[in-house]
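Enquirer: model the following, please.
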Amino acid sequence: MQEDWEIAHAFEVTGTPSALVVQLDGTIGSPVVGGSEAISALLSRAVEEPFQLPVFPAAQGEPRPNCGKVHPTNHDVQQAMPAGPKVGKPAPSIKLPDLNGGTVELGDFRGEKTLVLFWNPGYGFCQQMLPELKEWEVSPPEEAAKLLVVSAGTEEANEAMELSSPVVLDQRFSIGRAFGAGVTPSAVLIDEEGKISSEVAVGAQAVLALAKAEKTGAS
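Expert: Below you'll find the model as predicted:
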């Protein structure tokens with residue numbers, strides 16, 4: 001029994017239920033995931049391939065204290081994610097309730113580049129990147145992709161973020177899995193024709209890099 005979240009804090013866990021894989025050599029074998037479905041998926045992968053999971057730091061490219069020495073690339077992270085459509089293939093459909101009682105579909109963004117962001121307002125890494133994400137919203141250049149936030153959490157928690165972009169609720173994270181995203185924050189770019197135009201970016205740094213690359217017109 002931990003006395004006051006000291007073990008959870010050491011693993012940078014911000015809520016329960018959460019879990020991660022520790023490999024036989026004592027190194028971290030997965031990112032921290034939250035929620036019953038994400039934990040079940042992580043357990044299934046661990047049982048199926050108990051010694052094949054890559055070593056993950058706390059966030060993309062950032063070391064976690066007392067963990068493995070491997071610093072993964074975004075490609076490494078994606079190897080542990082659910083399989084999603086490849087670049088150039090049609091994006092899975094999205095039809096989810098928004099915070100205003102309406103319904104938002106991915107088709108509503110047809111003709112515009114769209115950054116689909118998979119989010120959880122209760123997750124620490126999402127909270128850490130929120131200020132920079134809001135800055136990105138305030139002053140996007142003309143060539144910036146539109147932002148669509150696919151989020152878990154309560155309606156109240158999502159409203160409290162005060163994002164100006166559309167936020168839709170996906171409590172079961174079914175849309176994230178359909179796109180090949182297994183954790184939050186993650187993001188993927190959709191082109192004007194509704195096709196996947198990037199690999200899934202995992203972690204705050206990779207998501208913001210993807211967004212900023214699109215802002216400047218980089219591919």
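Enquirer: what's the spacing between Cys177 and Asp4?
Expert: Careful, residue 177 is Arg; it's not Cys. 34 Å (C-beta to C-beta, to the nearest Å). Every residue, glycine included, has its C-beta placed from N, CA and C.
Enquirer: who has more neighbours, these two?
Expert: Arg177 (20 against 7; other C-beta atoms under 10 Å).
Enquirer: now that one: which helix or strand?
Expert: Using DSSP states H and E, Arg177 maps to helix 174-178.
Enquirer: give the buried residues for that helix.
Expert: 175-178 (16 or more other C-beta atoms under 10 Å).
Enquirer: chain center to that helix: distance?
Expert: Relative to the centre of its chain, helix 174-178 is centred 11 Å away, using C-alpha atoms, centre = their mean, to the nearest Å.
Enquirer: helix or strand right after it?
Expert: Assignment by DSSP H and E places the next element after helix 174-178 at strand 186-190.
Enquirer: now the strands for this structure?
Expert: 18-19, 33-34, 95-97, 103-105, 114-119, 146-151, 167-169, 186-190, 201-202 (DSSP state E).
Enquirer: dump those to JSON lines, plus mean pLDDT.
Expert: Shown next, in JSON lines, are the strands of the chain (pLDDT from 0 to 100):
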{"stretch": "strand 18-19", "mean pLDDT": "84"}
{"stretch": "strand 33-34", "mean pLDDT": "72"}
{"stretch": "strand 95-97", "mean pLDDT": "95"}
{"stretch": "strand 103-105", "mean pLDDT": "96"}
{"stretch": "strand 114-119", "mean pLDDT": "96"}
{"stretch": "strand 146-151", "mean pLDDT": "95"}
{"stretch": "strand 167-169", "mean pLDDT": "96"}
{"stretch": "strand 186-190", "mean pLDDT": "95"}
{"stretch": "strand 201-202", "mean pLDDT": "87"}
